[in-house]
Every structure is written in C-alpha cells, then in structure tokens.
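>>> sequence isn't available, so here's the structure alone:
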C-alpha cells in the first residue's frame with residue numbers, strides 16, 4: 001500500500017516503525033516551518049497538496065484526529081482513505097517486528113500463582129505510567145511477582161531497573177491483540193493501563209483475568225472506532241477509572257460496562273501524614289504555578305487571558321510560573337503574548353526534583369484545563385499543602401470543596417478565573433488553612449496508603 005502520514009511529531013516517531021520507507025509517499029504537516037523539508041528522507045508537504053499524490057491511505061498520527069479528519073474531508077479526500085493509528089491492526093494485520101527486549105528481569109524462582117503483568121502505553125514520567133509503577137510497588141509489597149511491559153521505552157525504565165522490577169519493551173503492543181501476544185498466557189492477572197489498549201483487548205484470552213485502568217479524557221477517544229469497542233467482552237474483565245471523566249468517555253461507546261473508581265496514589269515526599277503543615281511560602285509576591293504540557297486541552301491560554309485582565313496594581317503583587325514542554329504552537333503564542341508581562345515566568349520543562357522545588361515556592365497551583373481526567377500535579381500540590389485553583393472540568397474538582405479545600409471556577413470562564421486570582425492576591429482566603437485542608441484531601445484520596453488499600457480491594461475482594 002501507498003501511505004501518506006499526517007503528523008510529524010510525537011506519534012509519528014512512535015508509529016513510523018510500522019511503515020516501510022518505500023511505501024510512504026510523503027509526510028503531511030500543518031507547520032509551514034516543516035513543509036518543503038525532509039524528515040527521515042521523506043518530503044513534508046502541506047495538507048492542501050495531498051490530492052497531487054497517488055495514495056491508498058492517509059494515516060493520522062496524532063490525537064487531534066477529529067480536526068485533522070475534517071481538514072482532509074474539506075480538501076476532498078475520500079473518507080474511506082482516512083485512518084488513525086488505532087486502525088493499524090486492521091491495515092497491517094498481525095505484527096511481526098519481534099521487538100521484545102528484556103531490560104531487567106529478576107524473575108527467577110517464581111511462585112506460579114502470583115504472577116501479575118502490568119501493561120503500559122509508555123515509560124515516560126507522565127501520570128498514567130507513574131500510577132502503574134506505584135501499582136507495581138504495592139503488589140510487590142504484598143508478595144506478588146510483577147513484570148512491567150511497555151509499548152515504548154522511556155526514563156521510567158531507569159527507575160524500574162534501580163528497584164529490580166522486571167521491565168520489558170514490546171513495540172508490538174502498539175497494534176497487536178491479546179490473542180496475538182501468546183506470551184501473556186504466562187501470567188495470572190493482567191492490568192492494562194489507558195485506553196491505548198482497547199485494540200489489544202478487542203481480541204483477548206477470556207480465561208485470563210484482566211483489569212483495564214482508564215485515565216483518559218474524551219479527547220483521546222476521537223480516533224476510536226465503535227466497531228472495535230463493540231468487540232470488547234466484559235467477562236473476566238474489571239474496568240477501573242481514575243474518576244468520572246474517563247468513565248463518561250468510555251460509556252459513550254459502551255454504556256453497558258460496569259466501572260469502578262481507582263484513583264492513583266502519589267508518594268508522600270515529606271511523610272507529613274496526619275500533621276498540620278505551617279506554611280512558609282507566603283511572601284510579598286503571591287506565587288501561582290501551572291504545570292503541564294502547554295496545549296489547548298490544558299488551558300494555559302485561559303490563565304494567560306485572566307492574568308492580562310488583572311489590573312497592573314493587583315498583578316504586580318503576584319508572579320505566575322508556567323512550567324511544561326513549550327514547543328507547541330500554543331506555547332509559542334503564549335510566550336509571544338506574555339513577553340511584556342514581567343510577572344509571568346515561562347520555565348519550559350523541568351525534571352521531577354525541580355517540580356518539587358517549584359511547588360515548595362508555590363502558594364496556589366492553577367489547573368485551568370478544559371479537559372483533564374485527574375491531573376497528577378493537583379494531588380502533588382495538595383501533598384505539599386498547596387491549595388488548587390482548578391476548573392470544574394478537571395476530575396480532581398470532584399474531591400475539593402470550593403472555598404474550603406481549594407477554589408473551583410467554571411471551565412473557560414476567564415472573568416471568573418481572573419476574579420479568583422484577585423481574591424487570592426488581596427487576601428480573601430486564608431491560604432494556610434486552605435492548604436492544610438488540601439493536605440487532608442491528599443491523605444484521604446491520593447496517598448499511597450489509600451491507593452494500596454483500594455487497589456487490593458478491587459483486585460481481590462470480588
């Protein structure tokens with residue numbers, strides 16, 4: 001087949017291994033900075049030029065599939081020729097890369113009835129992969145042998161290695177089904193992390209108990225086909241969600257599925273369980289921090305507009321730190337718009353240790369997301385006794401009492417966010433009391449003790 005690949009970013013780099021270079025006619029990208037240049041010796045073209053080429057299929061290598069599909073249809077591309085990377089199993093069939101690599105394996109002398117397989121979509125330090133890592137720690141404490149298998153390599157592998165947790169990279173998981181992955185039969189229980197495994201689960205071995213742990217907002221389901229979801233069989237499969245947002249996203253496709261909640265756990269960096277923390281943060285400039293990849297879904301542009309609407313007298317009493325990967329088009333727009341606002345600091349991405357240092361200087365963690373199932377950074381902030389100023393479309397808002405444990409504003413309502421920022425700056429709220437209340441929310445819902453107790457209950461008490 002002759003392919004056009006739409007997207008040259010993260011998901012192009014993930015999925016390009018499944019295409020022979022000779023079969024790729026061209027790459028498509030909306031970035032004018034890339035058009036006319038070559039990536040991997042393949043020409044990058046503008047979307048409006050696609051009909052100048054002969055091809056059998058366009059593969060969208062992005063989660064912005066809805067927008068990109070509409071763009072292609074408006075250009076006259078036949079709908080039958082537009083696919084998403086979730087469709088690669090149907091296009092390619094059984095994968096034959098044979099790319100399993102054991103990174104660490106201390107799996108000798110196993111007790112056969114205590115082998116648990118954890119499947120992750122990557123080994124980044126993002127929320128879902130870290131949550132699954134914490135599940136591995138909890139299961140090991142209970143005496144179970146755990147193997148952590150990922151579609152892709154990443155920095156979490158070094159952490160797993162240091163702790164002696166067997167880690168395997170299997171790129172076949174990106175497109176393979178469970179029935180095509182015969183090695184999984186070695187395990188007595190499987191936990192699949194995120195909706196990326198819906199294709200894997202669409203053809204599975206029903207005799208092996210499976211838990212499917214969902215962390216994903218509706219945005220990530222835009223490339224999912226109903227016919228694939230219809231193949232999922234609930235027999236011998238538990239479905240867990242990190243709150244109501246992933247549950248609602250799943251039930252658009254499968255309203256018949258029974259879903260139970262499993263919130264992730266965040267390791268307590270300071271072991272302050274049960275103690276009231278006296279804050280030393282409050283200084284002459286109140287520090288608001290937003291942490292996350294700068295993209296439309298995360299809503300940093302909403303925060304910027306709210307800051308711009310503050311009076312200069314109020315704004316100069318605060319500083320605003322934007323932390324996160326800043327190479328996106330939205331990040332560039334924000335940096336350009338914020339260049340004349342001295343109170344805004346855009347730091348770019350930082351490591352985990354740096355995040356803890358930034359949080360120690362932070363008075364309010366802002367989560368302005370348009371859509372965010374259960375942002376890990378909100379739990380991390382509450383662990384530090386930092387209250388969150390959070391939109392009502394972030395899953396964490398379900399666990400916060402407005403004005404008591406944190407502050408909730410209507411999503412995308414710039415004026416309400418501006419008002420909340422001002423109320424914090426002028427001292428309407430006692431942030432020390434609110435921060436101590438936030439700490440109690442962390443202990444009750446997001447601590448490792450709470451997570452481990454709930455995990456074991458869901459696995460074994462049915």
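Done, it's in. Not measured: the values here are computed from a predicted model.
>>> C-terminal to the lowest-mean-pLDDT helix or strand in the chain, what's the next element?
For the chain, the helix or strand with the lowest mean confidence is strand 101-104, at a mean of 48 (criterion: mean pLDDT, DSSP states H and E). Sequence order places strand 115-120 as the next helix or strand after strand 101-104, per DSSP states H and E.
>>> show me what that following strand is in contact with.
When contacts are defined by Cβ atoms under 8 Å, 6 or more residues apart in numbering, strand 115-120 is touched by residues 128-129, 132, 135-136, 139, 144-151, 173, 184, 186-194, 197, 200. All C-beta spots, glycine's among them, are computed from the backbone N, C-alpha and C.
>>> which of these are buried, as a ChimeraX select command?
Applying 16 or more other Cβ atoms under 10 Å to those, the buried members can be selected in ChimeraX as follows:
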select :128,129,132,135,136,139,144,145,146,147,148,149,150,151,173,184,187,189,190,191,192,193,194,197,200
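>>> point out where the stretch 351-462 of the chain drops to low pLDDT.
461-462 (pLDDT under 70).
>>> any idea how the protein splits into domains?
The chain is divided into the following domains under automatic domain parsing: 3-92, 101-265+448-460, 286-446.
>>> picking up where we left off before, which of the contacts of strand 115-120 fall within helices?
When DSSP state H defines the helices, the subset of those inside them is 128, 129, 132, 135, 136, 139, 200.
>>> report the two of those separated the most.
Within the ones in helices among the contacts of strand 115-120, two members stand farthest from each other by Cβ to Cβ: 139 and 200, at 20.4 Å.
>>> which of the domains of the chain has the lowest average pLDDT?
With a mean of 90, domain 101-265+448-460 has the lowest mean pLDDT of these.
>>> and the strands in the stretch 151-300 of the chain, which stretches?
Listed in chain order, the strands of the stretch 151-300 of the chain (DSSP state E, counting those that start in this stretch) span 167-169, 189-193, 210-214, 237-241, 260-261, 286-291.
>>> helices or strands next to the shortest one in the packing?
In terms of contact count using 3 or more Cβ pairs under 8 Å, 6 or more residues apart in numbering; DSSP states H and E, strand 260-261 is assigned the packing partners strand 237-241.
>>> go with 10 Å
In this structure, strand 260-261 makes packing contacts with strand 237-241, helix 244-253, helix 448-460, judged by 3 or more Cβ pairs under 10 Å, 6 or more residues apart in numbering; DSSP states H and E.
>>> and these, which is most packed in?
Taking mean count of other Cβ atoms under 10 Å as the contact definition, the stretch among the helices and strands packed on strand 260-261 with the greatest mean neighbour count is strand 237-241, which reaches a mean of 21.
>>> about what we covered before: now tabulate the strands of the stretch 151-300 of the chain in JSON lines and tack on distance to residue 30.
Below are the strands of the stretch 151-300 of the chain laid out as JSON lines (distance: least, Cβ to Cβ, whole Å):
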{"stretch": "strand 167-169", "distance to residue 30": "31"}
{"stretch": "strand 189-193", "distance to residue 30": "30"}
{"stretch": "strand 210-214", "distance to residue 30": "30"}
{"stretch": "strand 237-241", "distance to residue 30": "33"}
{"stretch": "strand 260-261", "distance to residue 30": "38"}
{"stretch": "strand 286-291", "distance to residue 30": "26"}
